[in-house]
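Trainee: The following block contains a protein sequence and its predicted model.
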Amino acid sequence: MRILALESSCDETAAAVVENGRTVLSSVVASQVEEHKLYGGVVPEIASRRHCEAIVGVTQKALDDAGMRLEEVDAIAVTYAPGLIGALLVGVNFAKGLAMSSGKPIVPVHHLRSHIAANYITSPELKPPFLCLIVSGGHSHIVEVKDYTDLSILGRTRDDAAGEAFDKAARAMGMPYPGGVEMDKRAEGGNPKAFQLPHPTVDGSPYDYSFSGLKTAVINLIHNAEQKGQALPVEDLAASFRKAVVDCLVKNFVKAAQDTGSTKLVIAGGVSANSLLRKRLQKECADRGWQFYMPELSLCGDNAAMVGAQGYYEFLAGNTASMDLNACAAMPIDGGR
């Protein structure tokens, strides 16, 4: 089964053709990163306009690269939640137009579910059940994946997501957007023990995260140094902050695995590209004899191939939509379609 997939939840316009949920026949991504760098982050109105400009060409290239015509695909999958509402609407409405003109079914796909599905492409042998840590700019979740479309949340952030904390702290350190990527690079040359930063926990909820206090602590550290005319070693501060975030992520994830008896661990989302997080979890799992899976770096960020992968399993589960499908800015991974 071949699915044409569309992704426009934030600042990447993407299209792909995926076969049977595991094989990518084509994948095209038009990024807006350079433009949003001017503003230090994603500007929703600009993102929506750029999606409108790019989506036709991106989709046609994905079909051309796969050597297919629209009439030859079996279904059209599209990210419909969560994300920037204007950006999502571009993809959803374009998908509805394609479906109406071709008579193909529409498969609505949850953005976080598709991030998990990126691992099905990287590791075709991976099958549920497993425990997944989803870490991105807007989300930090520990999710029990019982089946491809049966998921439940064990833990989540109570305030800032890990990616958001990375980006805001990096900006305070004077790094360009996207800050999390730049911080990861700068941290490689720093001393992770140079600064003692807090490791926040949530009382009574051992799997939940809280990164707001950690982010505030490093921003206050920077401001205090500036007021005193002191120069902080940026590489050391970046390394210390990165270590604190990863410590929190790994600790709760490992505890959730131990408490649930899970021996198959998976990471997903934009922050799953973080080099320290990947190394730490590889070691933690190897030391315990657990299986560990992570997406290849090209599939960590937003792309349509992962939408096509999850779309295949949503279609098999009967999760198709009519022409009244609408976009939704916020939706839990285990709720709704």
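Mentor: Sure, I can see it.
Trainee: burial count for Ala257?
Mentor: Taking other CB atoms under 10 Å as the criterion, the count of residues near Ala257 is 22. For the C-beta atoms, the positions are set from N, CA and C on the backbone; glycine is no exception.
Trainee: What are the boundaries of the strands in the stretch 101-250 of the chain?
Mentor: Taking DSSP state E, counting those that start in this stretch as the criterion, the stretch 101-250 of the chain contains strands spanning 106-110, 130-135, 140-147, 150-156.
Trainee: how about Ile121, what does it touch?
Mentor: Counting by CB atoms under 8 Å, 6 or more residues apart in numbering, Ile121 makes contact with Val18, Arg22, Thr23, Val24, Pro295, Glu296, Leu299, Ala305, Met306, Ala309.
Trainee: Try it again at 6 Å.
Mentor: Contacts for Ile121 were tallied using CB atoms under 6 Å, 6 or more residues apart in numbering; they are Val24, Ala305, Ala309.
Trainee: ok, it to Ala95 distance?
Mentor: Ile121 sits at a distance of 21 Å from Ala95 (criterion: CB to CB, to the nearest Å).
Trainee: How about Gly270?
Mentor: When CB to CB is the yardstick, Gly270 and Ala95 sit 23 Å from each other.
Trainee: Then Gln310?
Mentor: Distance of Gln310 to Ala95, given as CB to CB: 15 Å.
Trainee: ranges for the helices of the stretch 101-250 of the chain?
Mentor: Ranges of helices in the stretch 101-250 of the chain, per DSSP state H, counting those that start in this stretch, are 111-122, 162-172, 179-187, 212-227, 234-260.
Trainee: mean confidence for the fourth one?
Mentor: Meaning helix 212-227. For helix 212-227, the per-residue pLDDT values average out at 94.
Trainee: returning to that earlier point: would you mind telling me which of Gly270 and Ala95 has more residues around it?
Mentor: When Gly270 is set against Ala95 and neighbours are counted by other CB under 10 Å, the residue ahead is Ala95, at 27 against 24.
Trainee: isn't the more buried one right next to Ala5, touching?
Mentor: No. The pair formed by Ala95 and Ala5 falls short of the contact definition of CB atoms under 6 Å, at 9.2 Å.
Trainee: so which of the contacts of Ile121 is the most crowded?
Mentor: When neighbours are taken as other CB under 10 Å, the top entry among those is Ala309 (32 neighbours).
Trainee: distance of Val135 from Ser262?
Mentor: Look at Val135 and Ser262: by CB to CB, they are 17 Å apart.
Trainee: Low-confidence ranges, this protein, go.
Mentor: Confidence mapping of the chain against pLDDT under 70 gives the ranges 335-337.
Trainee: how's it carved up into domains?
Mentor: 2-116+299-316, 127-297 (automatic domain parsing).
Trainee: Pick the most buried one from these.
Mentor: Most buried of those by mean neighbour count (mean count of other CB atoms under 10 Å) is domain 2-116+299-316; its value is a mean of 22.
Trainee: for that domain, the distance to its chain's centre please.
Mentor: Going by CA atoms, centre = their mean, to the nearest Å, the spacing between the C-alpha centre of domain 2-116+299-316 and its chain's C-alpha centre is 14 Å.
Trainee: just use 40 as the starting number from now, easier for me
Mentor: Sure, I'll start counting at 40 from here, so that last one is domain 41-155+338-355.
Trainee: Now the residue nearest the centre of the chain: closest residue in space, sequence neighbours ignored.
Mentor: For the chain, the residue nearest the mean C-alpha position is Gly308 (2.7 Å; CA atoms, centre = their mean). Setting aside the residues directly before and after it, Gly308 is nearest to Ser175 in space (CB to CB, 6 or more residues apart in numbering), at 3.7 Å.
Trainee: Let me see the contact set for the one you found.
Mentor: For Ser175, the contacting residues are Gly202, Gly308, Gly309, Val310, taking CB under 6 Å, 6+ apart as the criterion.
Trainee: Could you do Gly228 as well?
Mentor: Gly228 makes contact with Glu274, according to CB under 6 Å, 6+ apart.
Trainee: and the gap between it and Thr98?
Mentor: Plainly put, Gly228 is 41 Å away from Thr98 if you go by CB to CB.
Trainee: ok, now Arg210?
Mentor: With distances taken as CB to CB, Arg210 is found 33 Å from Thr98.
Trainee: what's the nearest residue to Ser141 once chain neighbours are set aside sitting at in phi/psi?
Mentor: Excluding its sequence neighbours, the residue lying closest to Ser141 (CB to CB, 6+ apart) is Leu109, at 5.1 Å. Backbone geometry at Leu109, expressed as degrees, to the nearest 10, gives phi -60, psi -40.
Trainee: Buried residues of stretch 366-376, list them for me.
Mentor: With burial defined by 16 or more other CB atoms under 10 Å, the residues of stretch 366-376 counted as buried are Ala366, Cys367, Met370, Ile372, Asp373, Arg376.
Trainee: residues making contact with stretch 287-297?
Mentor: Under the criterion CB under 6 Å, 6+ apart, residues Leu170, Leu172, Ile181, Leu193, Gly194, His238, Pro245, Tyr246, Leu304, Arg319, Glu323 lie in contact with stretch 287-297.
Trainee: Cool, thanks, signing off.
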